[in-house]
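**Q** When you get a sec, could you give me coordinates for this:
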Amino acid sequence: MDEKQLSTEELIAQDVGARLPIGAMATVITGLALLWSLFQLWIASPLPFIFGFGVLNDTETRAIHLAFALLLAFLAYPAFKKSPRDYVPAIDIALGLVAAASAAYLFIFYQQLAQRPGSLTTADLVTACVGIPLLLEATRRALGPPLAIIALLFLIYSLAGPYMPGLLAHRGVSFTAMANHQWITTEGVFGIALGVSTSFVFLFVLFGALLERAGAGHYFIQLAFSMLGHLRGGPAKAAVVASGLTGMISGSSIANVVTTGTFTIPMMKRTGFSAEKAGAVEVASSVNGQIMPPVMGAAAFLMVEYIGMSYVEIIKHAFLPAAISYIALLYIVHLESLKLGLQPIGGHVPKPWLRRITGFAFGVALISGISLAVYYGLGWLKPALGEYALPGIGVLLAVVYLGLLKIAASVAPLPPEDPDAPLESLPKTRAVLLSGLHFLLPVVVLVWCLMIERLSPGLSAFWGSVMLTIILLTQRPLLSWLRTDGTHEHGTFMDGVIDLREGLIAGARNMIGIGIATAAAGIIVGAVSQTGVGLVLADLVELLSMGNLLLMLVLTAVFSLILGMGLPTTANYIVVSSLLAPVVVTLGQQNGLIVPLVAVHLFVFYFGIMADVTPPVGLASFAAAAVSKGDPIKTGITAFYYSLRTAALPFLFIFNTDLLLINVDFWHGVLIFIVATGAMLIFAAGTQGYFLVKSRWYESILLLLVAFTLFRPGFWMDIVHDPYRNIAPAEFSQALGNVEAGSKLRMRIRGEDAVGDPREFSILLPVPEGATGDERLAKLGLQTYMDGDKVLIDNVTFGSPAADAGLEFDQQILMVRAPTANWQKELMWIPGLLLFALVVWLQRRRREPEPQPALV
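**A** The predicted structure is shown next:
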């Protein structure tokens, strides 16, 4: 085995458990992993309710979930670098069993614990005192020391509150209360984060592992290569698309880099990319897979619980930035190819622009037609079949599946991956596309259940996994049966059983680290809720940022990057969102900017995944460098340079929530997508220092200015024309009657925070229908009174629009700003585009004409 293959296997081993024992213990580990996957499928399915057996509540399922994760962590991860890899020491077996028993304690004694909440027995206390240290040790083994150390510091902080200096001091927590809060209740280790890991994340990780085992990963790579390989830097562009497709079903940056990178990185190197640039392209595209709907990283499912928003809404808000980021990365690869003077593979002559556009339009029309046929066809079929809808749709899926397999059997199967094969020819797109269309069925089932049926993410992933199980078991024998030429043998039913078994095992092993991370992060969340350190940190961050929202966002981004050097994305998101997301929202209100909570959580999420790229500890960059044989630090720096577009997007959508499609209609959304994509491509050209030709320094600055103008036209429009006019608070009722119903008043309020300290903040108050200002005031559920020259709030009706906006009794209205005649902020795009035309004209003057073919 050569060095490259060895290092890749080592990386995969580190990602799913660094110990690969032989003999009986190997069977035990695989058996436990298989049992864990089967348990997760069981609790996600409707079967427990159908049979009336094995119906568990959330606390019980979390306890069993963590018990599996802890036991497998001690068996699969060695204690130290020099610990044995080929067998499991007895001490690790004992620690794993004790840790699993500590977690399972909540399942075994659930009824007794429910009858005496808050009253700890000696057994409860001993279990917590054993379970928490063993969880920290499992965290250290599976994820490294940083998360374990941070969790330990928060435990110490809980106990040492009275002895902490000044701002950090709190009344303290007793040892018994801390043990109860962290281990026996669902406020700490067994809290929301572990619940999301149990209910949602495992099923999606398992779905990705099964899809990969079925052959979809190889299919996506070959499809992307066949479609884009003929372009300049084609293998790099194919790597971007393939990693994006794989990332949607993977959710792990490192696993994505290792699995797709072993094929794409050598191809990129052979076409002219340096080892560092090839690795950086793979890292940038793989890491972004976690932000790409419909299947985002584990943190996206945590958002569902933390924000109280449906997963479909999360997907809607996350789609535009993710799509723009990937399109911009393709353009960056194109610019790098131009810089390097790369030519298409085999001297391929690109199609004329008209044929490209026509082909693209045909593809879009075909996909749209199929989507509409599925949507309206099933929409008609369900009412028509009535109570037989489920078996009817099942029969329809089976017919479609057999039809797609028949199509796949009519073309040659995909060749096995060989990164060392010469790049003399490209696979035919049609043949590749037809060979694996049936892999799209599970994704269609998943998206249908999520988006149309509005099932829970866990149940949607379950039905997608059921479809995958059928494919894994039947595709081999059916393809052999349907192939009439007799040239290829695809395998037997037993080969499918083995594929299914290995997929279930791989899914469980991929989940060990995530399960441990969410449990350990729960310690931090529990300490925050028990000690009130969140408010302390809010004051500290506000002090450091001097009340400036932009500086606050920069500090949050840096904090996420620093934490991300040692924490996986999921744990990083939990910590930073728990500590800083409320602070950003509050500080935004104080600065007069209404920041939606989903925008703040996506901001934290984006910088959490950026930590996998950022040197000196960008784990994905090290993984790519091991495959490319390049310098890991240079790879990380180049990948970070490529990822500047991903780092810029969160700041942009905080200040321009149109990018998240918040309160945007369809056609406005299409316009935003087109303009924002163009702006990001211009931003990429500005940061890369190359557009039509190599840019001069002032041209790069102008391009960045154009990109900013297209992204945030409101910044310039607010300078030219203030969209609000000031109104005296005493004239609030009159102003409310004069503005248009459906518009919003911007109000500055002075009140008290949760601990009684004075604070100022801004709100947007919707203007209801009504003939007069007093009538509208009543519909808002708001009553005011004058106290000298002050306007104070006298009463706020419970559940009213005023209460929803954050207004309370005895707050003072400092300022009222009413909307003025509306100037469209998009008018600022005109000077921006004129400035862009100037840069185009300057660069076209320096561009050398392409040589024309000689006339014969």
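
**Q** wait, isn't residue 228 in contact with residue 238?
**A** Yes. Contact criterion Cβ atoms under 8 Å: residue 228 and residue 238 qualify, at 4.6 Å. (Each C-beta comes from the backbone N, C-alpha and C, glycine too.)

**Q** out of those two, which sits in the more crowded spot?
**A** Taking neighbours as other Cβ atoms under 10 Å, residue 228 and residue 238 compare with residue 238 leading, 29 against 22.

**Q** any idea which element the more buried one lies in?
**A** Taking DSSP states H and E as the definition, residue 238 sits inside helix 234-250.

**Q** other SSEs contacting that helix?
**A** Applying 3 or more Cβ pairs under 8 Å, 6 or more residues apart in numbering; DSSP states H and E, we find helix 234-250 packed against helix 202-214, helix 216-228, helix 253-271, helix 275-287, helix 311-340.

**Q** which helices and strands sit right next to the third one?
**A** Secondary-structure packing of helix 253-271 (3+ Cβ pairs under 8 Å, 6+ apart): helix 3-16, helix 216-228, helix 234-250, helix 275-287, helix 619-628.

**Q** next one: the first one
**A** In terms of contacts (3+ Cβ pairs under 8 Å, 6+ apart), helix 202-214 is packed against helix 24-44, helix 234-250, helix 298-303, helix 440-447, helix 457-482, helix 493-531.

**Q** Please state the offset of it from the chain centre?
**A** Taking Cα atoms, centre = their mean, to the nearest Å, one finds helix 202-214 lying 17 Å from the centre of the chain it belongs to.

**Q** what is the rounded mean pLDDT of that helix?
**A** Throughout helix 202-214, pLDDT has a mean value of 85.

**Q** now the angle between helix 24-44 and that helix, please.
**A** 120 degrees (axes from the mean of the first three to the mean of the last three Cα atoms, to 10 degrees).

**Q** let's number from 390 now, not from 1
**A** Done: numbering now begins at 390, and the last item shifts to helix 591-603.

**Q** Which positions within helix 591-603 qualify as buried?
**A** 591-603 (16 or more other Cβ atoms under 10 Å).

**Q** got it, and the longest one?
**A** Of the residues in helix 700-729, those buried under the neighbour-count criterion (16+ other Cβ under 10 Å) are 700, 703-727.

**Q** got it, and stretch 1197-1213?
**A** 1200, 1201, 1202, 1204, 1205, 1206, 1207.

**Q** what does stretch 612-628 rub up against?
**A** Applying Cβ atoms under 8 Å, 6 or more residues apart in numbering, the contact partners of stretch 612-628 are 610, 629-631, 634, 649-650, 653-654, 656-657, 659-662, 667, 670-671, 674, 719, 722-723, 725-727, 729, 731-734, 737, 739, 812, 815-818, 821-822, 825.

**Q** In CSV: the helices and strands packed on helix 642-660, plus distance to residue 871.
**A** What follows is the helices and strands packed on helix 642-660, written out as CSV (distance: least, Cβ to Cβ, whole Å):
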stretch, distance to residue 871
helix 392-405, 33
helix 605-617, 18
helix 623-639, 26
helix 664-676, 35
helix 1008-1017, 37
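
**Q** So for residue 1091, which of these sits nearest?
**A** helix 664-676 (25.1 Å; Cβ to Cβ).

**Q** Redo the helices and strands packed on helix 591-603 as a markdown table? Include mean pLDDT and distance to residue 1216.
**A** Below are the helices and strands packed on helix 591-603 laid out as a markdown table (pLDDT from 0 to 100; distance: least, Cβ to Cβ, whole Å):
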| stretch | mean pLDDT | distance to residue 1216 |
| --- | --- | --- |
| helix 413-433 | 92 | 51 |
| helix 623-639 | 72 | 35 |
| helix 687-692 | 73 | 35 |
| helix 829-836 | 84 | 38 |
| helix 846-871 | 89 | 41 |
| helix 882-920 | 87 | 45 |
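
**Q** Indicate which one of the ones you listed is closest to residue 1042.
**A** helix 687-692 (14.5 Å).

**Q** Name the residues of the host helix or strand of residue 990 that are buried.
**A** Assigned by DSSP H and E, residue 990 belongs to helix 986-999. Neighbour-count burial for helix 986-999 flags 986-999 (criterion: 16+ other Cβ under 10 Å).

**Q** quick one on the thing from earlier: save the helices and strands packed on helix 591-603 as CSV, and put in distance to residue 574 too.
**A** Shown next, in CSV, are the helices and strands packed on helix 591-603 (distance: least, Cβ to Cβ, whole Å):
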stretch, distance to residue 574
helix 413-433, 21
helix 623-639, 34
helix 687-692, 19
helix 829-836, 34
helix 846-871, 23
helix 882-920, 8
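
**Q** out of the helices and strands packed on helix 642-660, nearest to residue 434?
**A** helix 623-639 (20.4 Å).

**Q** what about the closest one, distance to the chain center?
**A** On Cα atoms, centre = their mean, the centre of helix 623-639 falls 16 Å from that of its chain.

**Q** and what of stretch 984-993?
**A** How far stretch 984-993 lies from its chain's middle: 13 Å, per Cα atoms, centre = their mean.

**Q** Can you tell me how far residue 653 is from residue 1105?
**A** 41 Å (Cβ to Cβ, to the nearest Å).

**Q** ok, these two, which is more surrounded?
**A** residue 653 (29 against 17).

**Q** residues contacting the more buried one?
**A** By Cβ under 8 Å, 6+ apart, the contact list for residue 653 reads 610, 624, 625, 627, 628, 631, 632, 667, 671.

**Q** Name the nearest of the buried residues of helix 591-603 relative to residue 886.
**A** Using Cβ to Cβ, residue 602 comes nearest to residue 886 of the buried residues of helix 591-603, at 11.8 Å.

**Q** Surely the closest one and residue 861 touch.
**A** Yes. Residue 602 lies in contact with residue 861 (Cβ under 8 Å); the separation is 6.7 Å.

**Q** intersection of neighbour lists for those two?
**A** Listed as contacting both residue 602 and residue 861 by Cβ under 8 Å, 6+ apart are 888, 889, 892.

**Q** For the nearest residue to the last one once chain neighbours are set aside, give me its contacts.
**A** Nearest in space to residue 892, with sequence neighbours left out and distances taken as Cβ to Cβ, 6 or more residues apart in numbering, is residue 602 at 3.6 Å. When the contact criterion is Cβ under 8 Å, 6+ apart, the partners of residue 602 are 861, 888, 889, 891, 892, 895.
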